[in-house]
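Participant: Just the structure for this:
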Amino acid sequence: MEEISSDSMSSLASKICNQINSVFSKSTNSSPLSVTVDEISSAAARGGKMFVYGVGREGLMMKALCMRLAHLGLSAHCVGDMTTPPISSSDLLIASAGPGGFSTVDAICGVAKSKGARVLVLTAQPETGSSVKYASAVAYVAAQTMADDEGDELDGKAKGKRVILLPMGSVYEGALFVLFEMVIFKLAEVLGQDSDEIRSRHTNLE
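Facilitator: Residues are numbered from 1 along each chain as shown. Have a look, this model is predicted:
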């Protein structure tokens, strides 16, 4: 196997980071950062709990967000955990549906809405997605997902097909990671949390 040089790795990393960065350079009606920070800070101000949900790799990004929300001192829970409490009208569900909707995401958003909770849906398909009909607010993440990656090739061997580095929903999932890092940074300012306070809440059972 051909050895990959540090220059080659750096070049690939730059291309991937640039592709994710391009998501946030696109002009949209509202900033996903502002929408997400506003919804979470508003829920925190009214003493509400935060619930997160997503499927697959999106779900992993949602769990990473939940961890950091807990580090900020918020009552944060992953839907499906054994210790997840019931949702109520003061609470916020943050759900991801990159391609627009999933049956499980739709069902969970529907339950949250029926209980009077606010529902923030993150998606790359805000116009056609089935999950949006349950949303109190929508954070539009303008990234490619599995809903619109047909015709692309990883290796570029097929003529007439666009070469991609990030397959299927990887652009969206990578964008979620970056978005959530920005969200936590902004929330720390809004909530008046410094790095020592945030670090003090990290688990010591590792």
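
Participant: what are the ranges of the strands in this structure?
Facilitator: 50-53, 76-78, 92-96, 118-123, 137-140 (DSSP state E).

Participant: Now render the ones you listed as CSV, adding distance to G110, mean pLDDT and mean neighbour count.
Facilitator: Placement of C-beta: from N, CA and C, glycine included. Below are the strands of the chain laid out as CSV (distance: least, CB to CB, whole Å; pLDDT from 0 to 100; neighbours: other CB atoms under 10 Å):
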stretch, distance to G110, mean pLDDT, mean neighbour count
strand 50-53, 12, 98, 25
strand 76-78, 18, 98, 20
strand 92-96, 10, 98, 28
strand 118-123, 9, 98, 26
strand 137-140, 16, 97, 21
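
Participant: and of these, who's closest to T36?
Facilitator: strand 137-140 (5.2 Å; CB to CB).

Participant: And the closest one, how far out from the chain middle?
Facilitator: In terms of CA atoms, centre = their mean, to the nearest Å, the centre of strand 137-140 is found 11 Å from the chain centre.

Participant: gap between V190 and M61?
Facilitator: Applying CB to CB, to the nearest Å, the value for V190 to M61 is 21 Å.

Participant: So for those two, which sits in the more crowded spot?
Facilitator: Between V190 and M61, M61 has the larger neighbour count (other CB atoms under 10 Å), namely 24 against 14.

Participant: quick one: pLDDT of that one?
Facilitator: Note on M61: pLDDT of 97.

Participant: what's around the residue nearest to it when sequence neighbours are not counted, how many residues?
Facilitator: Excluding the flanking residues, the one nearest M61 by CB to CB, 6 or more residues apart in numbering is L176, at 4.0 Å. The tally of other residues near L176 (other CB under 10 Å) stands at 29.

Participant: again, but for S10
Facilitator: Per other CB under 10 Å, the neighbour tally for S10 reads 10.

Participant: Can you tell me how far it is from I4?
Facilitator: S10 sits 10 Å away from I4, going by CB to CB.

Participant: Isn't the residue nearest to M61 up against E58?
Facilitator: Yes: L176 lies in contact with E58 (CB atoms under 8 Å); the separation is 6.6 Å.

Participant: for P85, what are its contacts?
Facilitator: Neighbouring residues of P85 by CB atoms under 8 Å, 6 or more residues apart in numbering: K49, H77.

Participant: what do you get for G73?
Facilitator: Per CB under 8 Å, 6+ apart, neighbours of G73: L191, Q193, E197, R201.

Participant: how about a cut-off of 6 Å?
Facilitator: Residues near G73 by CB atoms under 6 Å, 6 or more residues apart in numbering: none.

Participant: Check it and give its pLDDT.
Facilitator: Reported pLDDT at G73 in the predicted model: 97.

Participant: other SSEs contacting the lengthiest helix in the chain?
Facilitator: The longest helix of the chain (DSSP state H) is helix 170-191. Taking 3 or more CB pairs under 6 Å, 6 or more residues apart in numbering; DSSP states H and E as contact, the helices and strands that helix 170-191 lies on are helix 6-25, helix 32-45, helix 56-71.
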